[in-house]
Structure formats: structure tokens, C-alpha cells
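J.: would you be able to build a 3D model of this:
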Amino acid sequence: MPYVFRDEHGKVLKASARAIHGAELVPHNNPDVIEFLRLRGQDPKQVEEALTELRRTDAEMSRAIEDVIMALLKKNILKLTDMPKAVQDRMALRVKLRLQIQEIYDQASGVKN
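T.: I've put the predicted structure just below:
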């Protein structure tokens, strides 16, 4: 969501994807933001397309980050306790679920642990 500054009439003067102190946070599809972009020769559809691609790749990125965290943990570069409790809990749940899936496949394939 962009941060915007408005004039005294509510018209958008400046918009940024980065946080700006004192700016108003509005949705990307806010009509004032769309007008602001169009008036300055920018295509708001490009923003929407980029957002759609980011959403589409969220699951892939989440898995990549999980893999990086696991690699750092295995190399003792990072400790699980270095992370916030909520992250520890999520990681523990994901490890448990992945083990559960592996056990199901192993049992179905006759693999003994």
C-alpha cells in the first residue's frame, strides 16, 4: 500500500511505496492514487500486475525462506531460540508437518525407519 501526501483539498501530491513519516497509508487501488499515477504518465495496471505476481510467488518465497532458515540452523549460524517465539512455533509446526508427510510416504512405500 502506498503512502501519500495530500494537499488541502485532498488531492494526492506525492506517493511512495516506502514509509514516509506523516503520510497516509492507502490501498493501491485507491481512486486518488490511480488518478495521481495516470496524471503523471504512469500506468496503475503495472502496479496491479506486479502485486499479482508478488502474491503468486508468496508461497514459493515462504518455502525459500524456510529452507534458508533450516540451512542456517543446521550450520549452527542461527539458533532457533534467536528467533521470536511466534517464528519458533511456526517453524516447529512446519517441521512436524513435513515429517508427518514423509512418514506417510515412507509407510506407503514400505520404508522402515
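J.: strands along this structure, start to end?
T.: Taking DSSP state E, the strands of the chain run over residues 3-6, 12-16, 24-25.
J.: redo those strands as CSV? Include distance to Arg40 and mean pLDDT.
T.: From N, CA and C alone the C-beta is placed, and that goes for glycine too. What follows is the strands of the chain, written out as CSV (distance: least, Cβ to Cβ, whole Å; pLDDT from 0 to 100):
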stretch, distance to Arg40, mean pLDDT
strand 3-6, 13, 94
strand 12-16, 9, 94
strand 24-25, 18, 94
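J.: relative to Arg63, which of those strands is closest?
T.: Across the strands of the chain, Arg63 has its closest neighbour in strand 24-25 (28.8 Å, Cβ to Cβ).
J.: grab the nearest non-local neighbour of Asp43.
T.: Beyond its immediate neighbours in the sequence, the residue positioned closest to Asp43 (Cβ to Cβ, 6 or more residues apart in numbering) is Leu37, lying 7.3 Å away.
J.: the one you found and Pro31 touch, don't they?
T.: No - judged on Cβ atoms under 8 Å, Leu37 makes no contact with Pro31 at a distance of 10.9 Å.
J.: ok, the two, which is more surrounded?
T.: For Leu37 versus Pro31, neighbours defined as other Cβ atoms under 10 Å are more numerous around Leu37 (19 against 10).
J.: residue ranges with poor pLDDT in this structure?
T.: Applying pLDDT under 70 to the chain picks out residues 113.
J.: can you tell me how far the residue most central in space within it sits from Val111?
T.: For the chain, the residue nearest the mean C-alpha position is Asp58 (5.9 Å; Cα atoms, centre = their mean). With the distance defined as Cβ to Cβ, to the nearest Å, Asp58 ends up 33 Å from Val111.
J.: next: Val33.
T.: 55 Å.
J.: no further questions, thank you.
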